[in-house]
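# could you work out the structure for the sequence below:
(2 chains)
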Amino acid sequence: MPERAPIIVKFASLEGGALALAPEGEIGYHEAPAFRVAIKDGYDRRPSRLIVDLAKVGYMGTPGVATLVEALQLSKKNGIPLVLCGMTDRVRGVFEIAQLHKVFRMTPDVAAALLLKAS
Amino acid sequence: MDEKPHLRIELISHSRYLSCVRECMAQTARQFGFAEAQSSQIALAVDEAIANVIKHGYADRTDGLIWVSIYPLGDDEIRGTGIKIVIEDEARQVEPSCIKGRDLADIRPGGLGVHIIREIMDEVCYEKRATSGMRLTLCKWTKGRAGSAAISA
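Next up is the predicted model:
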């Protein structure tokens, strides 16, 4: 049976060599592999920082969260800072249950993510 | 089980149908009197449970069967009304005592689903089915544990 793409991910090059990656839709077990490929693609472009804009993600299960934990590990390995932004309350709730909200750098939007100092 | 489910979903073990189950669960929970935030949490818990069946039970085989049965729980003075969700499969059996969430201090991908389910639902019971596969029974009340109600929608 033909299947539609599980998730759309848009890329945008930003000032200072940063890259924003914006998934749209829901990220559960089915969609997480495509999200993982997009994240890897983002790191392969060697941006100065990778910003994952989650404003258009209406749902995220633990496979999506796990993909972002992997991204954080890649961030440390490659020396490319990772910032999550635009998270809805519903998505943030999953991070809070998993007690991962303190592990990631989070901002309200892409503009604020660009202003964060690299650490 | 004596009482009849108000809703019963049969699906194959293909992850493409998880979003359909999520929508159905959230909608049903709202009809059973749960607020929007709680309904979203219940849908998340069921999504995690079925994803675990597909991934670990059926090892990502797509031809297995999964049944989701939904029952209303009667009005309880303290706990309010509630929902009972029974998820059954014919997948690999595991000892219920071995199904544990991971230590949250260990920051690594994976292993969060069981923790999420236990955190959201008021009662969680894994058991082996007599014939084959596993049965997971999840219960939640509208006035359940205060802790789970604090989680954002």
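
# where does B:Glu127 fall, secondary structure wise?
Secondary structure assignment for B:Glu127, by DSSP states H and E: strand B:123-128.

# each with direction, which strands does that strand pair with?
Strand pairing for strand B:123-128, determined by DSSP bridges: strand B:134-141 (antiparallel).

# where does chain B have low pLDDT?
Where chain B drops to pLDDT under 70, the residues are B:1-2, B:104, B:107-109, B:145-153.

# centroid residue for chain B?
By Cα atoms, centre = their mean, chain B has its centre lying nearest to B:Val46, at 3.3 Å.

# please apply the same query to chain A.
A:Val52 (3.3 Å).

# how about B:Ile9, secondary structure?
When classified by DSSP: H, G, I helix; E, B strand; the rest coil, B:Ile9 comes out as strand.

# just give the number of residues close to it.
Applying other Cβ atoms under 10 Å in any protein chain shown, we find 19 residues neighbouring B:Ile9. C-beta here means a position set from N, CA and C on the backbone, and glycine is covered the same way.

# run through the residues that contact it.
Going by Cβ atoms under 8 Å, 6 or more residues apart in numbering or on different chains, B:Ile9 touches B:Val21, B:Cys24, B:Trp67, B:Val68, B:Ser69.

# need the contact list for the last one.
By Cβ under 8 Å, 6+ apart, the contact set of B:Ser69 is B:Pro5, B:Leu7, B:Arg8, B:Ile9, B:Ile85, B:Val86, B:Glu88.

# would you map the helices across the chain?
Let's take chain A. Under the criterion DSSP state H, chain A carries helices at the ranges A:32-44, A:62-78, A:89-97, A:110-115.

# actually, chain B is the one I wanted.
In chain B, the helices defined using DSSP H lie at B:18-31, B:36-52, B:113-120, B:146-149.

# residues touching the closest residue to A:Val9 other than its chain neighbours, list them.
Distances taken as Cβ to Cβ, 6 or more residues apart in numbering or on different chains place A:Ala38 nearest to A:Val9, at 3.9 Å, with adjacent residues excluded. Shown in contact with A:Ala38 (Cβ under 8 Å, 6+ apart): A:Ile7, A:Val9, A:Phe11, A:Leu21, A:Pro23.

# sort out for me which of those are in strands.
Using DSSP state E, the members of the contacts of A:Ala38 that fall in strands are A:Val9, A:Phe11, A:Leu21, A:Pro23.

# Throw those residues into CSV and include neighbour count, distance to B:Thr81 and pLDDT, thanks.
Listed next are these as CSV, based on neighbours: other Cβ atoms under 10 Å in any protein chain shown; distance: Cβ to Cβ, whole Å; pLDDT from 0 to 100:
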residue, neighbour count, distance to B:Thr81, pLDDT
A:Val9, 20, 40, 96
A:Phe11, 13, 46, 96
A:Leu21, 22, 42, 97
A:Pro23, 24, 36, 97
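
# check the contacts of A:Ala38 and tell me the two furthest apart.
Across those, the longest distance by Cβ to Cβ is 13.3 Å; it joins A:Ile7 and A:Phe11.

# nearest residue to residue 81 other than its sequence neighbours?
Reading this off chain A. Excluding its sequence neighbours, the residue lying closest to A:Pro81 (Cβ to Cβ, 6+ apart) is A:Arg49, at 4.3 Å.

# chain B is the one I meant
Of all residues not flanking B:Thr81 in the chain, B:Gly33 sits nearest, at 4.8 Å (Cβ to Cβ, 6+ apart).

# which bits of chain A sit near chain B?
Neighbours of chain B within chain A, by Cβ under 8 Å from any Cβ of the partner chain: A:3, A:6, A:26, A:28-30, A:59, A:61-63, A:65-67, A:69-70, A:72-73, A:89-90, A:92-94, A:96-100, A:103.

# so where's the longest strand in chain B?
Chain B, longest strand under DSSP E: strand B:65-76.

# residues touching B:Gly82, list them.
By Cβ under 8 Å, 6+ apart, the contact set of B:Gly82 is B:Phe32, B:Pro72, B:Leu73, B:Gly74, B:Asp76, B:Asp122, B:Cys139, B:Lys140, B:Trp141, B:Thr142, B:Gly144.

# what sits closest to B:Ser39 if chain neighbours are left out?
Closest to B:Ser39 by Cβ to Cβ, 6+ apart is B:Ala29, at 3.8 Å.
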